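>>> Attaching a predicted model along with its sequence, questions to come.
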Amino acid sequence: MKAKKIDRKVFLIKSSMTLIGGGIGFSYPIIRNVNSENKTNKEDIKIKEYRVLGRTGFKVSDIGCGSIGTSNENVIKAIIAGGVNLIDTAESYANGNNERMVGRAIKEFPRETIFINTKVEITKEETAEGLVLRVKKCLERFGTNYIDGLMIWNASSVNEVRNKVFHQAFQQLKKEGLVRYSGISCHGSNWDEGPGETMDKIVGAAANDGRYDIVMFVHNYVQKEMGETILKECAKKNIGTLLMKTDPFGGNYLSIVEMVKKYNEEKKPVPEYYQKIYGRIIEKQADAESILMEEQKFNANSKREAAIGFALSYPSVHSALITFKNFDDVTNYINLSGIRFTENVLSMINTLKDNFSEVYCRHACNICESKCPFKVPINRIMRYNHYFMAQTREKYAIEKYINLKGINAKICKDCKGYCEAECPYSVKIRALLAIAHSNLNLNVS
C-alpha cells in the first residue's frame, strides 16, 4: 500500500510538471529534496552537483556566481570554498573592480578548477585590435593568464550575434591561448532603432551560428516559454547554458506596496493607478499566505527554493547564476545545490504565479514596446529596476538609467497605458515604470 501511495505522488507531481513545463527537459527524479535536512555546520554547505557545460567539457557547479553583488572579496572566497566553480562578471561591472576582486579571490585556489566568464560590450566604433587590447586589460585585472569564457555582453539582435569584430578578436585571443570559449548574454532587444528580435530568436541564432560555446539568458517559472525554446536549440548543438534572473519575484513584486507606503508616510495623495493595484496585491498576498501556511512559510527561503528548484529541474540547464550579496546568500543558495522538485516547491510556484504574475514584467519579452507611441525602452528600464530592487546594485542601475538615450519613464505616470493594453500577461506596466523612474532618476519628479 505504501508503494502505491508513493507512485501516486510521483504521478501527480509529474502531471503538474507537464502543465508548467510543457514536458520540456524534465527527466530528473522529483520525489525528494536533497537539502531537506537542516544544515548547521558550515563545513556541510557544499555544492552537491556539477554539470558538464556543453561542448566545453568543463564540469561547472549547478549554482554559479553571476553579476557579483558584493565588494567583499571574502564572500567570493566563501563561495568558491563552498564548491562554486563558475564565476561570471563583466568588464564594465564597477568599472573593472569586479574583475579585480575576482582576481584577488581566486589566488587561493587552483586556477584550473575555476571557470571564469567575463563579458564585453561591443560598440559600433570598435575594432578587432582595440577589443583584443581591452580583453588583455581584463586579464591584467584578473591577474591570470587566461579567461575561460568571453561573451558579448547583452547581444540585442541577430545581427550582433554575427559581429565580425568580436569573432576576429576572439580567434586571435584563442590562438594566443588567452581565452578558451566564446559566448553571448542576452536580455532581448534594446530598442535603439525600434523593436528588434526577441530573446529566443537572438540566442537561437547564436546556438545555430556554430562559433559559440556558451550562452546566458533569462529563464524562470513565470516566463518559461522563450527559455524552453532556447534550451531545445542549445541541446541540439551541445551549447553550454547559464541562466540569469531565475527568481522572478526577487523583490519587484512588492515594489508597488512599498511605493504606496512611501506616499502615506510622506502624507501625499496616492495616484489612482497605484491605489487600484495596491488593493489587488494586498488581497492576493493574503490569499497566497493562507494557501501556503499549512506546509511552508511565505518567505524568502521558500521563494528561493521554488526558483532554483524550477531552474535545475531542466537537465539542459548547466548552471543557475546567483547574485551573491553577503555571507547569508552563500549559505542560502549553496544549500539549494542538487535540489529537485517537491510538492512544496510546485505549490509555491503555482501560488506565486497565480497571485503575483501581473506585477512581474517579463525580462526580455519586448512584446509591448512596439505599441508605445513615445518609444520608451520598457525592457531596459525594467531590467535596470530589477538591478536596483532585486540585486541591490543601486549605483549601477542609476548610472545605466540616467545614461539612457532618448526618453525615459517619466512620461509613464500620465500615460494612457498603451503598453498595458498590449501585454498578454495583464502586467501593470505603467505603474511599474513609474516606480522604476522614482527609483532610478536622481532628480525625482
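Here it is on my side, so go on. Numbering: from 1, shown residues only.

>>> distance of Ser156 from Lys428?
Ser156 is 25 Å from Lys428, where distance means C-beta to C-beta, to the nearest Å. For the C-beta atoms, the positions are set from N, CA and C on the backbone; glycine is no exception.

>>> oh sorry, the question was meant for Gly338
Taken as C-beta to C-beta, the span from Gly338 to Lys428 is 37 Å.

>>> Between the two, tell me which one has more neighbours.
A count of neighbours by other C-beta atoms under 10 Å puts Lys428 above the other of Gly338 and Lys428, at 24 against 17.

>>> In the chain, where is pLDDT below threshold?
1-43, 189-196, 250-259, 273-274, 276-298, 443-445 (pLDDT under 70).

>>> Run through the strands of it in chain order.
50-52, 59-61, 63-65, 86-88, 115-120, 147-152, 179-185, 214-218, 240-244, 319-322 (DSSP state E).

>>> okay if I get those as a markdown table plus distance to Val132?
Listed next are those as a markdown table, based on distance: least, C-beta to C-beta, whole Å:
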| stretch | distance to Val132 |
| --- | --- |
| strand 50-52 | 30 |
| strand 59-61 | 26 |
| strand 63-65 | 26 |
| strand 86-88 | 21 |
| strand 115-120 | 11 |
| strand 147-152 | 11 |
| strand 179-185 | 10 |
| strand 214-218 | 20 |
| strand 240-244 | 23 |
| strand 319-322 | 27 |
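
>>> Among the ones you listed, single out whichever gets nearest to Ser438.
strand 214-218 (24.0 Å; C-beta to C-beta).

>>> any idea how far the closest one is from the chain center?
9 Å (C-alpha atoms, centre = their mean, to the nearest Å).

>>> ok, and what's touching it?
53-54, 56, 66, 88, 117, 149, 151, 181-187, 199, 203, 206-207, 226-227, 230, 234, 239-245, 321, 363-364 (C-beta atoms under 8 Å, 6 or more residues apart in numbering).

>>> what does stretch 418-429 give?
256, 273, 277, 357-362, 367-373, 376, 378, 382, 417, 430, 433.

>>> What subset of those is buried?
In those, burial by neighbour count holds for 256, 273, 277, 357-362, 367-369, 372, 376, 378, 382, 417, 430, 433, counting by 16 or more other C-beta atoms under 10 Å.

>>> Not counting residues beside it along the chain, what's closest to Asp213?
Nearest residue to Asp213 in three dimensions, chain neighbours excluded: Tyr181, at 3.9 Å (C-beta to C-beta, 6 or more residues apart in numbering).

>>> Give the bridge partners for the one you found, please.
Beta bridges link Tyr181 to Gly149, judged by DSSP bridges.

>>> tell me the contacts of it?
So Tyr181 contacts Thr56, Asp148, Gly149, Leu150, Asp213, Ile214, Gly240 (C-beta under 8 Å, 6+ apart).

>>> Next, find the distance separating the second one from Gly240.
This means Asp148. Taken as C-beta to C-beta, the span from Asp148 to Gly240 is 10 Å.

>>> Now for the two: what residues contact both?
Thr56, Tyr181.

>>> Those two: which is more packed in?
Set Asp148 next to Gly240 and count neighbours by other C-beta under 10 Å: Gly240 wins out with 27 against 23.

>>> Look up how far Phe310 lies from Lys400.
When Lys400 is compared with Phe310 (using C-beta to C-beta), they lie 28 Å apart.

>>> between these two, who's got more neighbours?
Under the criterion of other C-beta under 10 Å, the comparison of Lys400 against Phe310 puts Phe310 first, with 30 against 18.

>>> I'd say the more buried one and Tyr221 touch.
Yes. If you go by C-beta atoms under 8 Å, Phe310 and Tyr221 touch, sitting 4.3 Å apart.

>>> ok, Asn326 to Tyr396 distance?
Taking C-beta to C-beta, one finds Asn326 at 17 Å from Tyr396.

>>> With neighbour numbers in mind, choose between these two.
The neighbour count for Asn326 versus Tyr396, taken as other C-beta under 10 Å, is higher for Tyr396 (20 against 14).

>>> Identify the spatial nearest neighbour of that one, chain neighbours not counted.
Closest to Tyr396 by C-beta to C-beta, 6+ apart is Tyr387, at 5.9 Å.

>>> pretty sure that neighbour contacts Lys400?
Yes. Using C-beta under 8 Å, Tyr387 is in contact with Lys400, at 7.4 Å.

>>> For this protein, which residue occupies the most central location?
Lys245 (1.8 Å; C-alpha atoms, centre = their mean).

>>> now that one, nearest residue through space, not along the chain?
Val218 (4.7 Å).

>>> bridging residues for the one you found?
Beta-bridge pairing of Val218 under DSSP bridges involves Met244.

>>> separation between it and Ile202?
With C-beta to C-beta as the criterion, Val218 and Ile202 are 12 Å apart.

>>> next one: Gly143
33 Å.

>>> which one of these two has more residues nearby?
Ranked by neighbour count (other C-beta under 10 Å), Gly143 and Ile202 place Ile202 first, with 27 against 14.

>>> how about the closest residue to that one other than its chain neighbours, what does it touch?
The spatially closest residue to Ile202, leaving aside those adjacent along the chain, is Cys186, at 5.1 Å (C-beta to C-beta, 6+ apart). Residues counted as contacts of Cys186 (C-beta under 8 Å, 6+ apart) are Asn154, Ala155, Ser156, Met199, Ile202, Val203, Ala206, Val215, Met216, Phe217, Val218, Ala364.

>>> ok, now with 6 Å
Ala155, Met199, Ile202, Val203, Phe217 (C-beta atoms under 6 Å, 6 or more residues apart in numbering).
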